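Asks: what's the 3D shape of this:
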Amino acid sequence: MSSTPSPASADAQLHVGAVQLVVRDLERVAAFYQSVIGLSDLGREGASLRLGVGANVLLELQHDPAATPADPRSAGLFHTAFLLPTRRDLARWVRHVAQGRVALQGASDHGVSEAFYLADPEGNGIEVYADRPTGAWPRRNGAIEMGTERLDVDDLLAAGDEQPYAGASDETVVGHIHLQVGSVDTAEAFYRSVLGFETMVRLPAASFLATGGYHHHVAANVWNSRGAGPKPAGTTGLRAFELLARDEEAWRATESWILSSGHTAVRSNETLLVTDPYGIGIAVRRA
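Replies: Numbers count the residues shown, from 1 in each chain. This is a model prediction of the structure:
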C-alpha cells in the first residue's frame, strides 16, 4: 500500500479544529497526550492548557477538579480522532505505544482508513488513524463505504521503518470528532441543516457526516447513549469543538448557511457560536 497521503480532512471547506475537554486532573491528562499522542504544550491561560503541533492548537484541557465524572451513557464524546499524515507515521506510533506498554482498546480497518483506539486517564475516547489514498476508498455507486474489519497490524508495521516516533508532526490534525447522542436522526438533522454537512455513510445506529467529500468530519452514534438528553452541565469530557472554514469563500458560505437556518447563533468577533442538540458548543471561524 502506498504511503502517499490522501487529501487531508483539513482540505475540506469546513473541518475540525481544536477540541475542548473538561478534566479533573490536568497534569495527569496533559502528560498522557504529550507522551502517548506526542502533542506539545502550547501554553496556559488561567485554568486552561493548550496542546497541539507547531502553532496549531488541537486540544484544550480545561481544569475543573470539582467536575462530576461523565456518565458513559450520556451524550458527549465518543472519541477525538487524531489524523496522522501518512501510514508510515501510524506505524511509528504503533511501535511507540507498544514500547510504552500503552493499553489499546482496539484496532480496525475501515476501508478508508486504518485506526487504533484507546482512552485517556479520565476515559475520554481517542482514535489515532491514517487515511488510505482517496482512490483506494471503497465505493458503491459512487458513494463512500466504510466498514469495520480486522486490521492487519503486521502489514502496517512492515510499511513503516525503524525510525522512532518523535512526537506528532506539524501535519497532524484532528481529522474528525465522534459523538455520543440520544438520537442519530436529531444529530444528523442539526449538522445538515445548520452547518451544511453532507451525510457520507448512514448506519442504523450511527451517521457519518462531512464537507468536501471527506469520509467524515463528524460522526454521531447511539451505541451507548440511546435516548440521552443534553450533556449535563458540570461534568467532565467534551465541552466544545471548533469548525474551521478553509478560506474566505468557505467562511462566507458557512456563515450564510448558519444564519439562514434559523438556529440561534451568537457572534463573537469573527466567530459564530452555536450549540448542538446535545449541549456541545461549536465555534465556527476561519482557519
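Asks: which residues sit in contact with E149?
Replies: Neighbour list for E149: S108, D109, H110, G111 [criterion: Cβ atoms under 8 Å, 6 or more residues apart in numbering]. Every residue, glycine included, has its C-beta placed from N, CA and C.
Asks: helices or strands up against the helix or strand hosting L209?
Replies: For L209, the host element (DSSP states H and E) is strand 206-210. If contacts are counted by 3 or more Cβ pairs under 8 Å, 6 or more residues apart in numbering; DSSP states H and E, strand 206-210 sits against helix 184-193, strand 198-203, strand 218-221.
Asks: the ones you listed into CSV, with extra columns for distance to L151, mean pLDDT and mean neighbour count?
Replies: Rendered in CSV, the data for those read as follows (distance: least, Cβ to Cβ, whole Å; pLDDT from 0 to 100; neighbours: other Cβ atoms under 10 Å):
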stretch, distance to L151, mean pLDDT, mean neighbour count
helix 184-193, 25, 98, 18
strand 198-203, 19, 96, 15
strand 218-221, 18, 98, 26
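Asks: can you tell which of the ones you listed is closest to N141?
Replies: Minimum separation from N141 across those (Cβ to Cβ) falls at strand 198-203, 13.1 Å.
Asks: one step back: just the CA trace of the strand holding L209, in CSV.
Replies: Once non-C-alpha atoms are left out, strand 206-210 reads as follows in CSV (Å, rounded to 0.1, in the frame of the first residue of the first chain):
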residue,chain,number,x,y,z
ALA,A,206,-24.7,5.9,13.5
SER,A,207,-24.2,8.7,11.0
PHE,A,208,-21.0,10.0,9.4
LEU,A,209,-21.1,13.5,8.0
ALA,A,210,-18.6,15.7,6.2
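Asks: pull up the pairing partners for it, direction included.
Replies: Under the criterion DSSP bridges, strand 206-210 sits next to strand 198-203 (antiparallel), strand 218-221 (antiparallel) in its sheet.
Asks: what segments of the stretch 1-150 of the chain are helices?
Replies: Counting by DSSP state H, counting those that start in this stretch, the stretch 1-150 of the chain has helices at residues 26-32, 87-99.
Asks: which one of the helices and strands packed on strand 206-210 lies nearest to E60?
Replies: Of those, the one closest to E60 (Cβ to Cβ) turns out to be strand 218-221, at 18.1 Å.
Asks: if you average pLDDT over the following helix or strand past that closest one, what comes out?
Replies: Taking DSSP H and E as the definition, the helix or strand that follows strand 218-221 towards the C-terminus is strand 237-245. Mean pLDDT, strand 237-245: 97.
Asks: low-confidence regions, the chain specifically.
Replies: Within the chain, the segments meeting pLDDT under 70 span 1-8.
Asks: OK, contacts around V181?
Replies: When the contact criterion is Cβ under 8 Å, 6+ apart, the partners of V181 are A75, A187, A220, N221, V222, S225, A228, P277, Y278.
Asks: reformat those residues as CSV; add distance to S268.
Replies: Rendered in CSV, the data for the contacts of V181 read as follows (distance: Cβ to Cβ, whole Å):
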residue, distance to S268
A75, 24
A187, 24
A220, 25
N221, 30
V222, 32
S225, 29
A228, 28
P277, 21
Y278, 21
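Asks: what's the farthest-apart pair in these?
Replies: Pairwise distances across the contacts of V181 (Cβ to Cβ) peak at 14.4 Å, for the pair N221 and P277.
Asks: W257 in helix, strand or coil?
Replies: Here W257 is recorded as helix under DSSP: H, G, I helix; E, B strand; the rest coil.
Asks: make residue 1 into 35 and carry on from there
Replies: With 35 as the first residue, the last one maps to W291.
Asks: what number of residues lie near the closest residue to it other than its chain neighbours?
Replies: Leaving out its chain neighbours, the residue that sits closest to W291 by Cβ to Cβ, 6 or more residues apart in numbering is G230, at 4.3 Å. By other Cβ atoms under 10 Å, the residues close to G230 number 18.
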